[in-house]
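# no sequence on this one, just coordinates:
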């Protein structure tokens, strides 16, 4: 694998995971907060 | 969180793990592009996920507009699901744009070009971000009606994005599936497509369902607070 292609493949995979993790964290916080009696 | 959601999450993570394994270690590298083509296995499921989520948002917006004066419970459910699916669609769209840009840098030598596919996709992302901002900064039943109308008009860009590589000459590659004769990918690569498609769709449905529950609870609470203030 050429180094540039390898670097971009890793970056694309990492970006996919990071964006999903950031969003699911936000959703988990909203989910928990909505379950508490106000 | 209910048991079925934990089971769904466990199944999803299993499918995603297998998808990663197949995409990175099992299917052969592309003859022309080499291993950077493996970005495709994350890029395509993001667009599929986006398509499912924005279509859900459209259907929910139509349902909301149809029943908002007749069936308030159903209207609140539809509105909550519209929000959840729009957010998840925006996330998938962002990942599609980012992974596409990384692939473009490696293969074309540029991060971005203003061709019809990329530009219409960026516009689509901005439309749904605007939809979410409208929901965030406005309030009340009129906001929901306005957001539903905006979602219907916003969806018009989805078929434009899909057809852009057929209607115009673009820097973006032509359609891989259902394109011209000779398009498509080798059958030996398809398992990576199917596993990742299944995994990311399961993930998108899981996250959107959690977001739906949170939104629905909030909207019910908001409605109850409004009724209490009146009474």
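That came through fine. Quick caveat: nothing in here was measured; it's all calculated off a predicted structure.

# what about residue B:175, neighbour count?
15 (other C-beta atoms under 10 Å in any protein chain shown). The way it works is simple: take the backbone N, C-alpha and C, and place the C-beta from them, glycine included.

# give me every residue that touches the residue most central in space within chain B.
In chain B, the centroid-proximal residue (C-alpha atoms, centre = their mean) is residue B:50; its distance is 1.8 Å. Applying C-beta atoms under 8 Å, 6 or more residues apart in numbering or on different chains, we find residue B:50 in contact with B:89, B:92, B:93, B:96.

# 6 Å instead?
Contact analysis of residue B:50 by C-beta atoms under 6 Å, 6 or more residues apart in numbering or on different chains lists B:89, B:92, B:93.

# Residue of chain B nearest chain A, please.
Using C-beta to the nearest C-beta, the closest approach of chain B to chain A is made by residue B:36 at 3.4 Å.

# So that residue is in contact with residue A:4, correct?
No: the pair residue B:36 / residue A:4 is not scored as a contact, 7.9 Å apart, by C-beta atoms under 6 Å.

# For the closest residue to residue A:4 other than its chain neighbours, pull up the helix or strand it's in.
Once flanking residues are discounted, residue A:4 sits nearest to residue B:106: 5.7 Å by C-beta to C-beta, 6 or more residues apart in numbering or on different chains. Residue B:106 is part of helix B:72-107 when elements are defined by DSSP states H and E.

# Mind listing what's buried along that helix?
Neighbour-count burial for helix B:72-107, counted by 16 or more other C-beta atoms under 10 Å in any protein chain shown, picks out B:75-107.

# By mean pLDDT, flag the weakest helix or strand of chain B.
Least confident helix or strand of chain B, by mean pLDDT, DSSP states H and E, is helix B:157-167 with a mean of 90.

# Packing partners of the very next helix or strand once past that helix?
Later in the chain than helix B:157-167, the nearest helix or strand by DSSP H and E is helix B:190-230. For helix B:190-230, the contact count by 3 or more C-beta pairs under 6 Å, 6 or more residues apart in numbering or on different chains; DSSP states H and E identifies helix A:3-35, helix B:3-21, helix B:40-67, helix B:72-107 as packing neighbours.

# All set now, cheers.
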